[in-house]
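**Student:** Let me see the structure of the following:
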Amino acid sequence: MAEESKTAIVTDSSCDLSDEQLEAHHIHMISLRIVCQNAEYRDRRELSEDELYELLKTELPKTSLPLPEDVATLYDSLAADGVTDVVHVSISSGLSGTYNMVRMIAEDYRDRMNIRVVDSKSLSTGLGSMVLMVAESLEAGDDPDTAVEKATAMRKTQLGMFVIRTLEYLRKGGRIGLVEGVVGSLLQIKPIIYINDDGVYQTLAKARGYKTAVETMIHEAIKRFGQVKINLTVVHGQAFEDAQALMDRLKQSLNIARSFIRPVSPVLAIHTGPGLLGVVAEKAE
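**Tutor:** Predicted coordinates for the structure are as follows:
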């Protein structure tokens, strides 16, 4: 890379990367917002997971885009630091208006920096894995366009899916997407929900009862990847022990290069509630 160019990586708080991961790769995170009856919080910065689950007992907060001024303030500081290129990988445009808002703000900086706004068509650690791919690609000496190409190519190999205890939160939050109509609550039919290629929720399979749904999710991962080497994350909503048990099961059946367990951020938990278990995997390079 030419010495005079300097690239920054930006993502949002739905990426579910840990603070340590963000720090290790110098990744800047913009917070989505959580809007309650009497207050408003920046996701992950001003409201923790535990505080959010406590809140859910008394109200269902709404989620909102990042503050435009938070994006502008970050971009201003990057420009002041001599950054020439920005790769901003955003939560799926099919699930949030964040991508479109960021794209509009980026237009105002065209004269100062080359900002590439990438629609991940994903979220949680699906988005997080793409951001890590960008970081590792840049660290290996690739230029920003190559880093974006690698992350986008990786997304095409990705399967992100989850099981939730109740669809009530998704429905109330208006994020039900293509999942509606598949569920018989009396029969305890649970959908295995995945993020399709367009970046919206869709039903991958159905099972009777939560435990069977988790088993079905394991089978879907095996069916999709077989013995291909993969990177794997198990995500959870206040269900760490269940997440560990799920990870142990997956490790017995899949060829895993890299794995970690992560709680979903408060802004995502609002739409899924406690008890979520999810699997995000993609082919390892």
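**Student:** give me the low-pLDDT residue ranges for the stretch 51-200 of the chain?
**Tutor:** Where the stretch 51-200 of the chain drops to pLDDT under 70, the residues are 173-187.
**Student:** And stretch 60-76, end to end?
**Tutor:** Start-to-end span of stretch 60-76 (Cα to Cα, to the nearest Å) is 34 Å.
**Student:** which residues touch it?
**Tutor:** 10, 12, 28, 30-37, 40, 42-43, 52, 55, 86, 96-98, 101-102, 105-106, 108-109, 113, 115, 169, 172-173, 267, 270-271 (Cβ atoms under 8 Å, 6 or more residues apart in numbering). Glycine gets a C-beta too; all of them are placed from N, C-alpha and C.
**Student:** Which of the residues you listed fall in helices?
**Tutor:** Among these, the members found in helices (DSSP state H) are 52, 55, 98, 101, 102, 105, 106, 169, 172, 267, 270, 271.
**Student:** Filter these down to the buried ones.
**Tutor:** 52, 55, 98, 101, 102, 105, 106, 169, 267, 270, 271 (16 or more other Cβ atoms under 10 Å).
**Student:** Closest one to residue 234 out of those residues, please.
**Tutor:** Set against residue 234, the nearest of these by Cβ to Cβ is residue 271 (18.4 Å).
**Student:** From residue 47, how far off is that closest one?
**Tutor:** Residue 271 sits 15 Å away from residue 47, going by Cβ to Cβ, to the nearest Å.
**Student:** ditto for residue 241
**Tutor:** Counting by Cβ to Cβ, the gap from residue 241 to residue 47 is 23 Å.
**Student:** Show me the helices in the stretch 101-250 of the chain, by range?
**Tutor:** Along the stretch 101-250 of the chain, counting by DSSP state H, counting those that start in this stretch, helices occupy 124-139, 144-155, 168-172, 210-225, 240-253.
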